[in-house]
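Colleague: below is the sequence, then the predicted model.
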Amino acid sequence: MKYRILILAGLIGLLFSCEKEMSLEQSEKFIKFFGSYSLDRASDVAVLDNGGFAISGIASSPDSGTRMTLMITDSYGNPRSGFPKLYSQGGLNSGANAMVVIRGGLGGYLLVGYIEQSAGINPPRDLFIVRTSSDGQEIWKKRFGSSEDESILHATEGISSGFILAGYQVKNGKKDIMIMGLREEGDSLELSLNYNNPFSDNASADYILNTGDRYLCVCTYDKINNAGTDILVLNFDDELSPNDEILEGNFDESASCILNDSGNKYLVLGNRINVSGKSEILVHLIETNGLLVTNSLLLAAISERNSDLVAERFVKTKEGGFGIVGTRSTEGNQDIFLQFLTEDYQVGDRVIFGSGGNQTGADIDLPAGGGILLLGTNSFEGNSMISLIKTDDSGSL
Amino acid sequence: MRKWTLIGISFFLLNQTLSAQDQVGCTQLLEDAREAYQAGMVELVPELLNPCLESGLAGEALQEAYKLVINAYLFDYLPDQADNLMKDFVGKFPDYSTAPDDPGEFVLLFEKHHQELVRQQITARQQEQQERERQAEITRRQQVDRRETPVEKKQFGTLGFALGGNIALPRLTEKYSIGDPALDAGSFTVSGPGFHVGGIWNLNLGRSSEATFELRYTRLHLRYDGAPFSFVSYQYQEYQNFLGIPVSMAVMFNPRSRVNVYMRFGMEVDYLISAAASATRSYTETGSIYLRDVELEKTKITVTRKPMSLMGSGGLGIKFPFSGGKIFLEPRFHYGFLLSNNPEHRYDTQDLTWLIYHVDSDFRVNYLTLSFGMVWNLHKSQKL
């Protein structure tokens, strides 16, 4: 009799079953958008110790212009209460190009980017740095700059303390590499890296890596006599006296990212315009010995016929291979790509995300529980939003 | 071998020789008997010819021998012998016609036997005819009997069709969203009607119940209104085409009435043929003149739906009789037990995600149908 009652209760329960709370599956794969009906753009994503994600970028609204923004989500990709946070100074337009997550998010965040010097159309930019608590509250903010354009493109924590910033500054109309140190409190270090290239025109320090005892910074570097650009690797410590290695090529090349492969081996990610006039991905291997770069080798050039492939960031996957995120442009349509590279640097599968409109890839990270996290921007006509994609280890949604 | 062949040929020739000798003897005896008859020694004639009547003569010779012997008996006042022999004669020569020179007594005796023979033949033919007619009558009666054996025509079911409209009532079991599901006000709403059409076979289970087997094509129309962000909303429309095999049982409340009211309950298995979706995303209260609605034309999404579904159903109906069948009207509710969406392919339709900001929530499909149909009686014959 009890058995029959249980069955009946089960059937009634099935009949009137209601909507349930979020299941764990919602955190395993997802696509999430953040932003408003204006133009928002993603720059950096990081996995936090609590399983959530931190996202930096640029938020905008027709009323207040652009703002440096920080978004903290839970492991499901849903914004935590109180986010997004917007940062500016004097109501001027600002934006974040990168972010430093301090102690897995428990120590707060450093947002780096730019702030426009004045209102109006395309005024010069200054460096803009905002230090926040773990819940996004502003601790301090700093602004550095000259009358010309400066911007921070990437940053990392300092070897001993503080932060190291990489970007560009414009002097006399020439865009050049900018690397500077910053104390914990936001004051700039007295020392600054001065890499003097008289042919600089469109150079920038694009990504800086803290190896534990030194920094490796990959830059886009102007060749002599305006013969295009190469990738430059700067190897230095807190003294900011770099040794350099130019990864020469025959085409215009630009730097995107650098990561440690194993020991003293590092992979440098970049792009170049090939002989067909299309952008392709470059992966270089460099070997270091202390502050010296002892060897460099072009491992792979990845291209697609009739498409531009622009790589932005890459990570080393749990399987030992590599995942590269970037943007594929085909006949005016842009999609996010996830390009795999095997452990022995062979070109693997490429997964495409996107549809009509433009989807651009910005950053990639690996969640602790597995899978791959991709950050990008989804644009359609007059609206763009920050997009966060979480896939399984193979890039499948 | 050669020896046996010669012996066989000798026996054949010997036999031929003996037959020729018999025929020659009776011919001679016939001549002798003729001469004896003409000479008035009629008592010799039977002695001469009787053996030859059995064998040794044929044709006209035999006919003449009979006539000589019969006339001899008549002449010798042996009417019984004459009568017996005439009987044989008429039997052997039924087509004989009396000659002018035949004696009057012979003619009378012949006519007597001939008429008797004719009468017997007529009688025999009549008997044969009667026998044939009797057999034909027996056969005819048997056929008639077979045709006219009383049988009962028993109705065992009905066969027909049903068509009608439906309204989808999907049930959200877990919300997914491009934004935060907890803040997304999206929900399924009542959509425009769909339709269905199919064949029905009802099988009587008794006076008050019947089992029903159907094969039905259904087109469902689903609508989801999503609002993943405060500034954007979208309307998502989905069309599912599937083939279902409902099996149900109807119980009549008033089986003895001409108009039957019944309750139906059952299960059905549906196979999805195709699914397509269209959608429109709109910005709300942005005040921007640059932000236009984003429209997605009808897109195939079959792969994002489960191909099979299992449903339970229940409803009420009413049947009206007409000549040879019934018309029915039946509202029925269909309850989906399984997920309609395929979680493994939730993000496969990239246009829906990236342009419309839609992502499939987990949902099951329920729907309400109103069917009109006609069924015709099916009978089977049963002998009493």
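Modeller: Happy to help now that I have it.
Colleague: and for A:Leu153, the neighbour number?
Modeller: Summarising burial for A:Leu153: neighbours were counted as other CB atoms under 10 Å in any protein chain shown, giving 22. Bear in mind the C-beta positions are built from the backbone N, C-alpha and C, glycine included.
Colleague: which SSE is it in?
Modeller: Assignment of secondary structure by DSSP states H and E places A:Leu153 within strand A:150-157.
Colleague: can you work out which other helices and strands pack against that strand?
Modeller: When contacts are defined as 3 or more CB pairs under 8 Å, 6 or more residues apart in numbering or on different chains; DSSP states H and E, strand A:150-157 sits against strand A:94-101, strand A:109-116, strand A:125-132, strand A:163-171, strand A:204-210.
Colleague: same question for the fourth one: list its buried residues.
Modeller: Okay, so that is strand A:163-171. By neighbour count, and taking 16 or more other CB atoms under 10 Å in any protein chain shown as the criterion, the buried residues in strand A:163-171 are A:Phe163, A:Ile164, A:Leu165, A:Ala166, A:Gly167, A:Tyr168, A:Gln169, A:Val170.
Colleague: was I right to think the second one contacts A:Ile179?
Modeller: Yes. Counting by CB atoms under 8 Å, A:Ile164 does reach A:Ile179; the two are 6.9 Å apart.
Colleague: if we can go back for a sec, what angle sits between the strand holding A:Leu153 and strand A:109-116?
Modeller: For strand A:150-157 against strand A:109-116, the angle by axes from the mean of the first three to the mean of the last three CA atoms, to 10 degrees is 170 degrees.
Colleague: and strand A:150-157, how far out from the chain middle?
Modeller: Using CA atoms, centre = their mean, to the nearest Å, we find the averaged C-alpha position of strand A:150-157 to lie 11 Å away from the chain's own average C-alpha position.
Colleague: ok, it: who's next to it in the sheet?
Modeller: Listed by DSSP bridges, the sheet partners of strand A:150-157 and their directions read strand A:163-171 (antiparallel).
Colleague: just the CA atoms of the helix or strand following the strand it pairs with, as CSV, please.
Modeller: Under the assignment DSSP H and E, the closest C-terminal helix or strand after strand A:163-171 is strand A:174-182. Once non-C-alpha atoms are left out, strand A:174-182 reads as follows in CSV (Å, rounded to 0.1, in the frame of the first residue of the first chain):
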residue,chain,number,x,y,z
LYS,A,174,55.8,59.0,-32.8
LYS,A,175,54.3,56.1,-30.9
ASP,A,176,56.8,54.3,-28.8
ILE,A,177,57.2,51.6,-26.2
MET,A,178,56.3,52.5,-22.6
ILE,A,179,57.1,50.4,-19.6
MET,A,180,56.9,51.8,-16.1
GLY,A,181,56.8,50.6,-12.5
LEU,A,182,54.2,51.4,-9.9
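Colleague: and strand A:174-182, what does it pack against?
Modeller: Secondary elements touching strand A:174-182 (3+ CB pairs under 8 Å, 6+ apart): strand A:163-171, strand A:188-193, strand A:204-210, strand A:215-222, strand A:229-236.
Colleague: make a markdown table out of the ones you listed and add distance to B:Tyr239 and mean pLDDT.
Modeller: Formatted as a markdown table, the entries for these read as follows, by distance: least, CB to CB, whole Å; pLDDT from 0 to 100:
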| stretch | distance to B:Tyr239 | mean pLDDT |
| --- | --- | --- |
| strand A:163-171 | 52 | 94 |
| strand A:188-193 | 62 | 75 |
| strand A:204-210 | 49 | 97 |
| strand A:215-222 | 51 | 95 |
| strand A:229-236 | 53 | 95 |
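Colleague: what residues sit buried inside stretch B:246-264?
Modeller: Of the residues in stretch B:246-264, those buried (16+ other CB under 10 Å) are B:Pro246, B:Ser248, B:Ala250, B:Met252, B:Asn260, B:Tyr262, B:Arg264.
Colleague: sorry, back to before: who touches both of A:Ile164 and A:Ile179?
Modeller: Where contact means CB atoms under 8 Å, 6 or more residues apart in numbering or on different chains, the residues bridging A:Ile164 and A:Ile179 through contact with each are A:Ile208.
Colleague: follow-up on the earlier one: closest to B:Phe106 out of the buried residues of strand A:163-171?
Modeller: Ranking the buried residues of strand A:163-171 by separation from B:Phe106, with CB to CB as the measure, puts A:Ala166 on top at 159.3 Å.
Colleague: these two touch, right, the closest one and A:Ser151?
Modeller: No. With contacts defined as CB under 8 Å, A:Ala166 does not count as touching A:Ser151, sitting 10.3 Å away.
Colleague: which non-adjacent residue is nearest B:His345?
Modeller: The spatially closest residue to B:His345, leaving aside those adjacent along the chain, is B:Thr304, at 4.4 Å (CB to CB, 6 or more residues apart in numbering or on different chains).
Colleague: ok, that neighbour - contacts?
Modeller: Shown in contact with B:Thr304 (CB under 8 Å, 6+ apart): B:Ala275, B:Asn341, B:Asn342, B:His345, B:Arg346, B:Asp348, B:Thr349, B:Asp360.
Colleague: 7 Å instead?
Modeller: With contacts defined as CB atoms under 7 Å, 6 or more residues apart in numbering or on different chains, the neighbours of B:Thr304 are B:Asn341, B:Asn342, B:His345, B:Arg346, B:Asp348, B:Thr349, B:Asp360.
Colleague: report pLDDT for it.
Modeller: Looking at B:Thr304, its pLDDT stands at 97.
Colleague: longest single strand anywhere in chain B?
Modeller: With secondary structure taken from DSSP state E, chain B has its longest strand at strand B:260-283.
Colleague: now stretch B:308-324: buried residues?
Modeller: Of the residues in stretch B:308-324, those buried by neighbour count under the rule 16+ other CB under 10 Å are B:Ser309, B:Met311, B:Gly312, B:Ser313, B:Gly315, B:Gly317, B:Lys319.
Colleague: quick one, the helix or strand hosting the fifth one and strand B:260-283 angle?
Modeller: In this structure, B:Gly315 sits in strand B:308-322 according to DSSP H and E. Angular relation of strand B:308-322 and strand B:260-283 on a 0 to 180 degree scale: 130 degrees, by the same axes, to 10 degrees.
Colleague: give me the contacts around strand B:308-322.
Modeller: When contacts are taken as CB under 7 Å, 6+ apart, the neighbours of strand B:308-322 outside the stretch itself are B:246, B:248, B:258-271, B:326-338, B:340.
Colleague: and the residue nearest to B:Trp376 when sequence neighbours are not counted, how many residues sit next to it?
Modeller: On the basis of CB to CB, 6+ apart, the spatially nearest residue to B:Trp376 that is not a chain neighbour turns out to be B:Gly325, at 3.9 Å. Burial of B:Gly325 is recorded as 17 neighbouring residues (other CB under 10 Å).
Colleague: how about the secondary structure of B:Ala65?
Modeller: B:Ala65 falls in the helix class when you classify it by DSSP: H, G, I helix; E, B strand; the rest coil.
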